[in-house]
Every structure is written in C-alpha cells, then in structure tokens.
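**Student:** Whatever this is, show me its structure:
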Amino acid sequence: MALQHLSAHARSASRPRSGTPRSGVVHVNVRHADHYTVVGNHLAQHRALSLVAIGLALHIQSLPAGAKVGIKALADRFPEGEVRIAAALRELEAHGYLERSRVRTPEGRVLTRTVSYNRPRGAPLPQPPQPLPLPQPPPATPVPETVLEPVPVSVPVVVSPPVLAPVPEVEAECGVAPVRAEAVDLLARLRADDPRLLLAERDVRRLAPGVSGWLDRGADPEAVRQVLSASLPADLRHPAALIAHRLKAGIPPRMPAPAAPDAHARRPDPLQTCDGCERAFRAPAPGRCRDCPPDPAPPAVA
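**Tutor:** Numbering: from 1, shown residues only. Next comes the predicted model:
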C-alpha cells in the first residue's frame with residue numbers, strides 16, 4: 001500500500017471566485033493609511049481631457065503646497081517634452097482644474113502663481129438627497145366640460161434687426177472691413193511653422209481682418225508669415241493674443257502714392273547728325289556740333 005504524501009500542496013481551484021467578471025480589469029484594492037491622494041472620478045474618467053492632462057492633474061494634486069509646477073520643472077521630471085506638457089496645462093485650465101496668473105513680488109519680480117482645484121471651477125456641488133414625497137390619494141374623476149377652442153388670430157411677427165458684434169481692436173487699428181481669403185489661409189497655415197501656433201477657428205476669424213490690413217498696405221504674405229511666427233517665447237501659452245499684439249503693434253505704413261510727372265520739366269533736344277563730322281549730338285535743328293567750325297558763308301552775288 002502506497003504511503004500518503006502529507007506535505008503535498010493542495011491543488012488550486014480551477015474556477016474563479018463568485019462575482020469575478022468574465023473579462024476586463026479585476027481590482028485588487030488595499031486600504032491606504034498614509035501617502036495617498038483622493039481624486040474624483042470626474043477627473044479620472046473625464047471624457048474630454050487627454051491621458052497626459054489627467055495624469056498631470058493627478059501629479060499636481062499630489063504635490064505639497066509651494067512645489068514647482070512650471071513647464072520646465074515638469075519637463076525635467078517627466079519624459080514628455082515642453083510642448084505636450086504646455087498643451088496639457090492648457091487643457092486643465094480650459095476645464096477648470098487649473099488657474100495660472102502673473103503676480104509681482106515686493107522685490108519687483110514677476111512670477112507665475114498656479115492654483116490647483118480638485119473639483120473644477122463652476123462644477124455644481126452635490127445636493128443632499130431630497131425626501132420622498134408622501135403618497136397622495138388618487139384625484140377625483142373630473143366632470144367633462146365644454147371647452148371652446150380659441151380662434152387663431154394672425155399676429156404680425158416683428159423681426160428685430162441683427163445686432164452687429166463689436167469690431168475687434170486689430171480690425172479698428174488696421175481700418176479693414178472686408179476679410180480676404182488669403183488672410184484666413186495664412187493664419188491657418190501658421191501651425192506648419194510651429195505646432196504651438198495651432199489657432200481655433202474663432203481666433204482665425206477674429207484675427208483675419210488684421211492680416212487683411214497688412215496685405216492691403218502692400219505687405220508680402222511671406223513677410224507677414226515670418227513676422228507672426230518668428231522669435232516665439234519658450235513659454236507660449238496664448239498664441240492668439242501674441243498674434244493679435246504683433247498685428248496691432250507692427251502694422252506697416254501705407255505705400256506712398258507714386259510721384260506725378262512734372263509738367264514743367266523740359267524735354268531734352270532730339271539727336272541730330274553733325275554735317276561736318278557726322279557725330280550724333282542734341283540740338284533743336286540739324287546743323288553742326290560745337291566742335292566743328294560753322295558753315296562758310298556763301299559768296300556775295302555781284
């Protein structure tokens with residue numbers, strides 16, 4: 001009779017535990033007692049934010065107060081470059097999770113103050129549960145009444161005139177009313193020079209009159225493009241505001257009108273051929289040049 005191996009390991013169960021999903025993620029949660037950060041699902045499962053923006057918001061919320069969260073500091077901490085980090089910070093600002101402002105210290109230095117919100121600004125606060133209404137007795141059966149239908153009366157429709165939007169500062173400065181299609185195309189192609197110059201469609205419509213003002217004053221489109229896309233700051237956060245400032249501050253003067261011809265200017269004498277040396281010279285009538293002796297006088301007739 002064979003001996004029993006009392007030290008043999010029990011065979012693992014082949015069936016999953018009750019309640020385990022057939023596919024997808026399975027959570028193994030351990031309760032944290034310290035070194036943890038509470039993050040709402042409105043951020044972790046945000047539909048509009050990119051994965052870089054969600055991870056960056058989680059990192060910023062886990063930092064202590066006073067930590068450096070500038071673009072260069074975050075680029076030194078993570079493998080993503082400054083362009084992707086700057087785009088993620090703009091996403092968090094647009095959705096209310098971040099607020100950045102410039103402040104001046106008593107020493108005169110200008111610093112960037114960053115405020116992080118664990119709940120986005122403007123989000124509605126959770127309301128306490130309302131008590132369930134008490135059951136009401138069923139209403140009595142109403143007695144049918146004769147209802148007279150109103151006679152339709154034609155009412156004149158008053159159409160108010162459309163309200164024109166105020167003219168932007170760039171358009172007022174350049175004095176341009178129509179928008180040229182070439183100006184819209186120039187603004188839309190700026191992102192080919194630098195990805196940070198990716199403008200929204202509403203910004204292109206707002207800035208197009210300013211570019212049209214430059215073109216109407218004789219500026220070459222290639223020169224306008226170089227002025228708008230050259231020497232960009234490293235921490236560019238608002239490309240539309242920068243382009244609007246350059247369009248307003250650097251608008252060229254109008255081309256001067258060509259000078260009118262002087263009506264009193266004397267035309268030069270026509271070219272003549274000298275009768276003595278056959279050289280060309282200018283004179284009002286044919287004859288000899290000043291280097292040749294004059295024609296001999298004809299002999300007197302007796």
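
**Student:** which residues of the chain fall in helices?
**Tutor:** 41-44, 51-62, 71-77, 82-94, 169-174, 181-188, 201-216, 221-229, 239-249 (DSSP state H).

**Student:** average model confidence for the shortest one?
**Tutor:** Along helix 41-44, the predicted local confidence has a mean pLDDT of 88.

**Student:** circling back to that earlier point, to Ala285, which of the helices of the chain lies closest?
**Tutor:** helix 201-216 (52.1 Å; CB to CB). Yep, even glycine has a C-beta here, placed from its N, CA and C like the rest.

**Student:** tell me the angle of that closest one relative to helix 221-229?
**Tutor:** For helix 201-216 against helix 221-229, the angle by axes from the mean of the first three to the mean of the last three CA atoms, to 10 degrees is 130 degrees.

**Student:** domain assignment for the protein?
**Tutor:** Split into domains by automatic domain parsing, the chain comes to 41-116, 169-230+238-249.

**Student:** Point out the most buried one among these.
**Tutor:** domain 169-230+238-249 (a mean of 17; mean count of other CB atoms under 10 Å).

**Student:** rank the domains of the chain by pLDDT, which is bottom?
**Tutor:** domain 169-230+238-249 (a mean of 83).

**Student:** Tabulate the domains of the chain in JSON lines, adding columns for distance to Cys292.
**Tutor:** Listed next are these as JSON lines, based on distance: least, CB to CB, whole Å:
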{"stretch": "domain 41-116", "distance to Cys292": "82"}
{"stretch": "domain 169-230+238-249", "distance to Cys292": "53"}
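
**Student:** quick revisit: right, and the helices of the chain - which one's nearest Asp194?
**Tutor:** Closest among the helices of the chain, using CB to CB: helix 221-229, at 5.9 Å.

**Student:** so what secondary structure elements neighbour the closest one?
**Tutor:** helix 181-188, helix 201-216, helix 239-249 (3 or more CB pairs under 8 Å, 6 or more residues apart in numbering; DSSP states H and E).

**Student:** Asp295 is nearest to which of those helices?
**Tutor:** Nearest to Asp295 among those is helix 201-216; the distance by CB to CB comes to 63.6 Å.

**Student:** ok and that closest one relative to helix 239-249, angle-wise?
**Tutor:** 20 degrees.

**Student:** relative orientation of helix 201-216 and helix 181-188 in degrees?
**Tutor:** 130 degrees.

**Student:** Excluding chain neighbours, give the residue nearest to Ala44 in space.
**Tutor:** With sequence-adjacent residues excluded and distances taken as CB to CB, 6 or more residues apart in numbering, Ala44 is closest to Ile54, at 6.7 Å.

**Student:** pretty sure the one you found contacts Arg47?
**Tutor:** No - the criterion here is CB atoms under 8 Å, and Ile54 misses it with Arg47 at 10.7 Å.

**Student:** just so I know, which of the domains of the chain lies nearest Ala33?
**Tutor:** Taking the domains of the chain one by one with CB to CB, domain 41-116 is closest: 16.2 Å.
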